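Student: Got a predicted structure plus its sequence, pasted below:
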Amino acid sequence: MKIKDEKGSMAVYVLIVLLSMLLMLTTVFLTSNSARKSQLKTVMGIKQAYEADNDKAAEIYNSITKKSKNKTISYVTDGLILYYDAVNNTGNGHSNTETTWKDLSGNGNDLVLSNFDNTATSGWSENALNFDGIDDFGAISTLAQTLQGDVTISTRIYSQNANNYRGIYGNYQETDYGISGMLAQYQDGLMRIGYNSNIVEINSDLITNKELTLTIQMGASIGTKVYINGNLVGEKHTDSDSAQPEADFWIGKSFNTTDRYFLGKMNNFMVYNRLLSDAEIKQNYGVDEAKY
């Protein structure tokens with residue numbers, strides 16, 4: 001009699017377990033079915049919105065993609081007064097025969113090119129302007145007037161080995177050298193960037209025969225600072241040089257025309273009328289790395 005009671009209890013227990021499992025499965029099915037219906041309603045709603053109103057569909061699409069768009073890294077634009085990009089040297093795409101490098105900042109500081117031969121070593125390639133180190137350069141007649149305070153200059157370059165001074169940029173009037181970004185490599189193995197009292201010396205191995213982003217900052221509060229690929233590599237704490245407002249601003253040479261022309265290639269060139277932060281300098285370098 002006792003055995004029968006135990007078997008009956010076991011049967012009741014098993015039945016309860018089975019009913020519980022069935023109830024759970026039913027709940028899961030109903031919940032999934034409800035979620036599926038909700039998904040279908042959402043999809044149909046988007047479809048109906050698209051069919052009824054393309055503007056509404058565009059709004060839905062933009063709201064979906066807005067988050068990913070906001071993650072796109074771009075160059076710093078605050079204080080940007082000049083921006084050349086060889087990929088878009090005309091302002092409307094690239095041309096290998098363009099004789100003016102378009103200023104994409106919108107400030108009209110277009111660079112007039114001189115002496116380029118439209119060859120592999122003197123003229124445009126797909127994403128760079130090539131300087132032959134003999135007589136290639138460009139000039140802007142109005143830029144120096146705006147460079148009277150803090151300045152940040154950034155350029156993506158490949159500089160070839162060369163003796164004597166090689167001017168990346170410059171601003172010269174008679175005996176006053178204004179602001180100068182010159183590379184000078186001599187037998188001591190040092191590269192000198194700048195001129196007058198603001199020469200910053202770095203190891204030439206850091207800069208020659210390498211594609212890199214060179215950033216130079218000048219200001220009364222900092223003197224001169226030089227960054228390579230977003231990292232500070234040298235500085236000189238003296239009063240910074242100031243631009244000569246009556247003189248042209250050159251790219252590709254610095255202060256005279258005897259063996260002082262830049263030898264290499266340049267992907268871009270940017271000028272800011274303020275000192276960029278270290279984070280902003282690294283941001284611009286990151287864009288260069290991704291782009292070139």
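Tutor: Ah, there it is.
Student: check contacts around the closest residue to Val87 other than its chain neighbours.
Tutor: Nearest residue to Val87, sequence neighbours excluded (C-beta to C-beta, 6 or more residues apart in numbering): Asn127, at 5.1 Å. Yep, even glycine has a C-beta here, placed from its N, CA and C like the rest. Applying C-beta atoms under 8 Å, 6 or more residues apart in numbering to Asn127 gives the contacts 86-87, 94, 267, 292.
Student: Just the buried ones out of the residues you listed, please.
Tutor: Buried residues within the contacts of Asn127, defined by neighbour count using 16 or more other C-beta atoms under 10 Å: 86, 267, 292.
Student: about what we covered before: now, among the contacts of Asn127, which is nearest to Ile216?
Tutor: The shortest gap between Ile216 and any of those belongs to Asn267, at 16.2 Å (C-beta to C-beta).
Student: and the closest one, what element?
Tutor: strand 263-272 (DSSP states H and E).
Student: Hmm, which of the buried ones among the contacts of Asn127 is lowest in pLDDT?
Tutor: On pLDDT alone, Tyr292 ranks lowest of the buried ones among the contacts of Asn127, at 93.
Student: can I assume it is in contact with Glu211?
Tutor: Yes: using C-beta atoms under 8 Å, Tyr292 is in contact with Glu211, at 7.2 Å.
Student: which stretches of this structure aren't confidently modelled?
Tutor: For the chain, applying pLDDT under 70 flags the ranges 1-17, 19-20, 22-72, 144-145, 162-164, 172-191, 194-198, 238-247, 255-259.
Student: the domain parsing of it - what is it?
Tutor: For the chain, automatic domain parsing gives the domain ranges 2-70, 80-291.
Student: Next, the distance between the ends of the last one.
Tutor: The separation between the terminal residues of domain 80-291, taken as C-alpha to C-alpha, to the nearest Å, is 19 Å.
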